[in-house]
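>>> what follows is a predicted structure for the sequence shown.
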Amino acid sequence: MAEMTILDNTAEQQAALLDAGQTAAPEKNPATGKTQRGNGPKPPASNSFLDRFFHITRRGSTVAREVRGGLVTFFTMAYIVILNPLILGGFSADNAPTDVAGGWLTAAQVGAVTGLTAGVMTIAFGLIANLPFGLAAGLGINSFLAVAVIQEVTWAEAMGLVVINGILIVLFGVTGARTAIFRAVPKELKAAITVGIGLFIAFIGFVDSGFVKATAGGPPVQLGDNGSITSIPTMVFIVGLLVMGILVARKVQGGLLIGIVATTVLAAVVEAFLHIGPASETNPGGWHLNTPVLSGHLVSAPDLGLVGQFDLFGAFGRIGGLAATMLVFTLVFTNFFDAMGTMTGLAKSAGVAHKDGTFPRLKSAFIVEGVGAVVGGGTSGSSNTVYIDSAAGIGEGARTGLASVVTGALFLGSMFLTPLTSVVPLEVAAAALVVVGAMMMAQIREIKFTKFAVALPAFLTIVTMPLSYSIANGIGVGFVSWAVIGAASGKAKKIHPLMWVVTVGFVVYFARGPVSALLGA
């Protein structure tokens with residue numbers, strides 16, 4: 001524990017130096033390859049409160065860039081206010097995931113707490129960690145809750161497990177254990193995590209837009225339908241991708257935001273004339289998730305009835321201590337390493353990372369992210385974590401927590417303005433994700449592929465993320481392969497002891513199904 005404390009203090013001291021403007025070696029901008037802290041020339045010094053509080057000038061940004069970046073991050077994350085209620089809730093017991101007691105969550109209430117929790121936690125992250133990262137309900141964990149956990153416990157008990165998961169993650173952050181593990185990861189593996197996330201979010205964009213689809217038989221995925229683009233929304237995605245790509249390539253300030261707005265307008269015009277409608281079994285060529293139209297009332301009062309509706313220890317009494325512990329173990333591993341990998345990639349993209357991968361206010365960031373899990377479970381909106389979609393705002397120039405405050409304020413507003421939130425179709429947000437994914441891929445130059453003991457673990461980390469649709473899985477495969485190959489290559493002494501501890505944990509994580517069955521027997 002003393003070693004962890006020393007490591008954590010070192011990271012905090014480095015973070016303090018960076019926020020004080022005393023950096024040693026600035027990182028290269030992943031989009032341009034140029035050594036700089038922000039996009040473009042460093043702005044003149046300012047004595048405004050916002051500049052002093054968020055260190056905007058010291059990080060090579062401006063208030064306008066931060067606001068613009070916060071807007072872009074919100075537009076690329078806004079889908080969660082619509083999607084989370086579809087995953088966790090419904091409009092009746094017939095179309096909602098029901099728990100073992102037949103209970104279900106109403107979509108309207110889940111939507112309200114989704115916006116509330118994302119808004120509060122993103123603002124808190126911006127004010128405390130001073131980083132341009134948005135937080136919202138994690139898609140991996142909410143799906144796990146809806147598909148697997150409530151088959152054994154009630155919704156209230158499931159959210160109690162999420163709260164326990166968050167408390168454990170906060171303790172890891174407070175004690176410095178999370179920071180120590182982060183620093184123990186080799187820099188090449190951290191670079192691979194960033195690249196993997198870039199490829200992952202690009203793949204998400206391709207899938208969400210319908211550009212890539214699953215096949216009934218044959219290859220796992222294909223281009224569009226039978227190798228052809230057949231839907232108008234997917235064509236709008238392609239137009240948006242090209243427009244945003246051109247604007248970013250020409251270094252137009254606000255390129256991503258301009259592209260999102262312009263493509264949304266195009267989508268609304270197309271919908272007004274062609275009446276495409278939402279995607280469904282009978283309308284496979286429709287808009288995914290959001291249809292770009294404004295209808296009904298723009299303002300509605302949120303129903304926050306789910307806040308506080310959780311049962312902290314009920315699952316242990318219902319299914320037993322061992323089974324409940326395995327569920328918590330799964331939640332912690334997914335939450336812990338998903339967020340750690342995401343923050344690694346985002347910090348590098350923002351140009352605020354040190355050479356060893358640490359970044360300003362590292363410990364604070366880990367603690368606040370853990371609190372997001374606690375608050376998410378407490379509001380029944382699922383664990384809140386850092387979103388890779390924040391890379392879109394970073395690509396727009398965001399470098400400080402002011403961008404997060406803007407994003408969080410918009411999330412709070414989304415509780416009252418759900419119709420406005422749903423105007424931007426998923427196909428438009430998907431185009432932004434692909435552009436940002438391309439930016440993040442630039443970190444691949446940090447990996448020495450000439451050394452196969454480095455190349456294979458890095459490669460496995462990169463490809464596992466999109467292929468398994470999980471950041472945590474990619475990190476786990478990277479950890480295990482790095483430790484095993486390194487030790488077998490005669491370099492066991494160079495592998496940090498914490499790498500071995502985490503590797504063993506990942507082995508258990510990957511084998512948790514058989515392990516649970518064996519222990520249960």
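Cool, the structure landed.
>>> beyond the helix or strand harbouring residue 163, next helix or strand please.
Element membership for residue 163 (DSSP states H and E) is helix 155-175. Counting by DSSP H and E, the element after helix 155-175 in chain order, helix or strand, is helix 177-184.
>>> which strands and helices sit next to that following helix?
Under the contact criterion of 3 or more CB pairs under 8 Å, 6 or more residues apart in numbering; DSSP states H and E, helix 177-184 touches helix 2-19, helix 155-175, helix 321-350, helix 362-378, helix 497-510. Yep, even glycine has a C-beta here, placed from its N, CA and C like the rest.
>>> deepest in the core, which of the ones you listed is it.
helix 362-378 (a mean of 25; mean count of other CB atoms under 10 Å).
>>> take that helix, keep the C-alpha atoms, and write them as PDB.
As requested, the backbone C-alpha atoms of helix 362-378 are provided in PDB (Å, rounded to 0.1, in the frame of the first residue of the first chain):
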ATOM      1  CA  LEU A 362      -5.800  11.600 -12.200                       C
ATOM      2  CA  LYS A 363      -6.800  10.500  -8.700                       C
ATOM      3  CA  SER A 364      -9.700  13.000  -8.700                       C
ATOM      4  CA  ALA A 365     -10.900  11.700 -12.100                       C
ATOM      5  CA  PHE A 366     -10.900   8.100 -10.900                       C
ATOM      6  CA  ILE A 367     -12.800   9.000  -7.700                       C
ATOM      7  CA  VAL A 368     -15.500  11.100  -9.400                       C
ATOM      8  CA  GLU A 369     -16.000   8.400 -12.100                       C
ATOM      9  CA  GLY A 370     -16.500   5.900  -9.200                       C
ATOM     10  CA  VAL A 371     -19.000   8.200  -7.600                       C
ATOM     11  CA  GLY A 372     -20.800   8.100 -11.000                       C
ATOM     12  CA  ALA A 373     -21.400   4.400 -10.500                       C
ATOM     13  CA  VAL A 374     -22.800   5.000  -7.000                       C
ATOM     14  CA  VAL A 375     -25.100   7.800  -8.100                       C
ATOM     15  CA  GLY A 376     -26.200   5.900 -11.200                       C
ATOM     16  CA  GLY A 377     -27.300   3.000  -9.100                       C
ATOM     17  CA  GLY A 378     -29.000   5.300  -6.600                       C
END
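>>> so how far is it from its chain's centroid?
14 Å (CA atoms, centre = their mean, to the nearest Å).
>>> ok, the residue nearest to the spatial centre of the chain to residue 407 distance?
With distances taken as CA atoms, centre = their mean, residue 387 lies nearest the centre of the chain, 2.2 Å away. Using CB to CB, to the nearest Å, we find residue 387 at a distance of 9 Å from residue 407.
>>> what sits in contact with each of the two?
73, 77, 134 (CB atoms under 8 Å, 6 or more residues apart in numbering).
>>> could you verify my assumption that the second one touches residue 133?
The reference is to residue 77. No. Taking contacts as CB atoms under 8 Å, residue 77 lies outside contact range of residue 133: 10.6 Å.
>>> of the two, who's got more company?
Between residue 77 and residue 133, counting by other CB atoms under 10 Å, residue 133 is the more crowded of the two (32 against 25).
>>> does residue 386 touch residue 133 like I think?
Yes. Contact status for residue 386 versus residue 133: in contact at 4.8 Å, counting by CB under 8 Å.
>>> now the common contact residues for those two.
In contact with both residue 386 and residue 133: 125, 342-343, 346, using CB under 8 Å, 6+ apart.
>>> can you list contacts of stretch 302-321?
So stretch 302-321 is contacted by 100, 105-106, 108-113, 115-116, 152-154, 156-164, 324, 327, 377-381, 415-416 (CB under 8 Å, 6+ apart).
>>> stretch 164-171 now?
By CB under 8 Å, 6+ apart, stretch 164-171 touches 177-178, 312, 328, 331-332, 335-336, 366-367, 369-377, 383.
>>> please repeat the previous calculation with a cut-off of 7 Å.
Applying CB atoms under 7 Å, 6 or more residues apart in numbering, the set of residues contacting stretch 164-171 from outside is 312, 328, 331-332, 335-336, 367, 370-371, 373-374, 377, 383.
>>> check which element follows the lowest-mean-pLDDT helix or strand in the chain along the chain.
Ranked by mean pLDDT, DSSP states H and E, the helix or strand of the chain with the weakest confidence is helix 2-19, at a mean of 38. Next helix or strand after helix 2-19 toward the C-terminus (DSSP H and E): helix 49-54.
>>> for that following helix, which residues meet the burial criterion?
Neighbour counts using 16 or more other CB atoms under 10 Å place 51, 54 of helix 49-54 among the buried residues.
>>> what of stretch 223-240?
Buried-residue list, stretch 223-240, by 16+ other CB under 10 Å: 224, 231-237, 239-240.
>>> nearest to residue 454, of those?
Closest to residue 454 out of those is residue 237 (35.7 Å), distances taken as CB to CB.
>>> contact partners for the closest one?
Residue 237 makes contacts with 209, 211, 427, 430-431, as judged by CB under 7 Å, 6+ apart.
>>> distance of the residue lying closest to residue 336 once chain neighbours are set aside from residue 111?
Leaving aside its sequence neighbours, residue 336 sits nearest to residue 169 (CB to CB, 6 or more residues apart in numbering; 5.9 Å). According to CB to CB, residue 169 and residue 111 sit 25 Å apart.
>>> now, which of the contacts of stretch 164-171 sits nearest residue 497?
Closest to residue 497, out of all of these and judged by CB to CB, is residue 336, at 18.1 Å.
>>> any idea of the pLDDT on the closest one?
pLDDT, residue 336: 78.
>>> pull the number of nearby residues for residue 412.
For residue 412, the tally of surrounding residues (other CB under 10 Å) stands at 16.
>>> which of the helices or strands spans it?
Using DSSP H and E, residue 412 sits within helix 401-414.
>>> got the CA positions of that helix in PDB?
Provided in PDB are the C-alpha atoms of helix 401-414 (Å, rounded to 0.1, in the frame of the first residue of the first chain):
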ATOM      1  CA  GLY A 401     -13.500  20.900 -17.600                       C
ATOM      2  CA  LEU A 402     -15.400  23.900 -18.900                       C
ATOM      3  CA  ALA A 403     -16.500  21.700 -21.800                       C
ATOM      4  CA  SER A 404     -17.800  19.100 -19.400                       C
ATOM      5  CA  VAL A 405     -19.800  21.800 -17.500                       C
ATOM      6  CA  VAL A 406     -21.400  22.800 -20.800                       C
ATOM      7  CA  THR A 407     -22.200  19.200 -21.700                       C
ATOM      8  CA  GLY A 408     -23.600  18.500 -18.200                       C
ATOM      9  CA  ALA A 409     -25.800  21.600 -18.300                       C
ATOM     10  CA  LEU A 410     -27.300  20.400 -21.600                       C
ATOM     11  CA  PHE A 411     -27.900  17.000 -20.100                       C
ATOM     12  CA  LEU A 412     -29.900  18.600 -17.300                       C
ATOM     13  CA  GLY A 413     -31.800  20.600 -19.900                       C
ATOM     14  CA  SER A 414     -32.500  17.400 -21.700                       C
END
